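# No letters, just coordinates:
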Ligand SMILES: Nc1nc2c([nH]c(=O)n2[C@@H]2O[C@H](COP(=O)(O)OP(=O)(O)OP(=O)(O)O)[C@@H](O)[C@H]2O)c(=O)[nH]1
Ligand SMILES: [Mg+2]
């Protein structure tokens with residue numbers, strides 16, 4: 001694995017009433033049509049927490065106020081190897097909206113998602129179901 005090209009990504013598992021938020025990747029983005037946890041690439045000079053708050057604000061218009069690091073997952077795609085850091089977001093301000101044209105779904109961790117999640121997320125979903 002080429003770790004020199006590791007891309008750091010943060011993603012939020014945003015909880016409400018026992019469900020978490022899934023979004024799809026809109027046309028124009030790499031891997032459009034796949035579903036994921038909202039988030040994105042960490043910028044230089046940013047902490048992971050700052051990156052998470054920025055991405056959730058850019059993509060959904062919300063401000064996370066209570067979140068905890070959960071686990072990481074390294075996955076090699078053809079174009080890049082990503083190191084995903086997942087956070088449980090328990091409390092946030094604002095109502096999530098798909099500001100980049102994403103569709104939103106609140107999913108139960110105990111039911112099959114019935115939408116195609118990014119390959120790197122499959123193991124994460126399976127672990128969520130066991131929490
Ligand atoms: N946000 C997010 N990205 C994921 C997940 N799983 C996963 O493999 N990725 C990968 O992580 C990488 C970065 O995510 P991103 O495209 O959201 O980055 P970004 O918001 O900064 O987008 P941009 O590059 O268009 O500005 C992509 O290669 C994406 O495929 C996930 O659950 N959430
Ligand atoms: Mg993103």
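Alright, I've got the coordinates. Every value quoted in this text rests on a predicted model; they were computed, and no experiment measured them. Ligands and ions are numbered 1, 2, ... in the order given.

# neighbours around the residue of the chain found nearest ligand 1, how many?
Closest residue of the chain to ligand 1, CB to the nearest ligand atom: residue 40 (2.3 Å). Where you see a C-beta, it was placed from the backbone N, CA and C, and this is true even at glycine. Number of residues near residue 40 (other CB atoms under 10 Å) recorded here: 16.

# Also the one 4 residues further on?
Burial measure for residue 44: 5 neighbouring residues, criterion other CB under 10 Å.

# Nearest residue to the residue nearest the centre of the chain in space, ignoring adjacent ones along the chain?
Centroid-nearest residue in the chain: residue 37, 2.6 Å away (criterion: CA atoms, centre = their mean). In space, residue 37 comes closest to residue 11 once its chain neighbours are excluded; the distance is 4.0 Å by CB to CB, 6 or more residues apart in numbering.

# same check, this time on residue 55
residue 40 (4.2 Å).

# what's near enough to touch residue 73?
83, 84, 86, 120, 121, 123, 124 (CB atoms under 8 Å, 6 or more residues apart in numbering).

# quick one: the residue nearest to the centre of the chain and residue 45, what's the gap?
24 Å (CB to CB, to the nearest Å).

# again, but for residue 17
From residue 17 to residue 45 the distance is 36 Å (CB to CB).

# residues of the host helix or strand of residue 72 that come out buried?
Secondary structure assigned from DSSP states H and E places residue 72 in strand 63-76. Neighbour counts over strand 63-76 (16 or more other CB atoms under 10 Å) mark 64, 67, 73, 75 as buried.

# Also stretch 35-45?
Buried-residue list, stretch 35-45, by 16+ other CB under 10 Å: 35, 36, 37, 38, 39, 40, 42.
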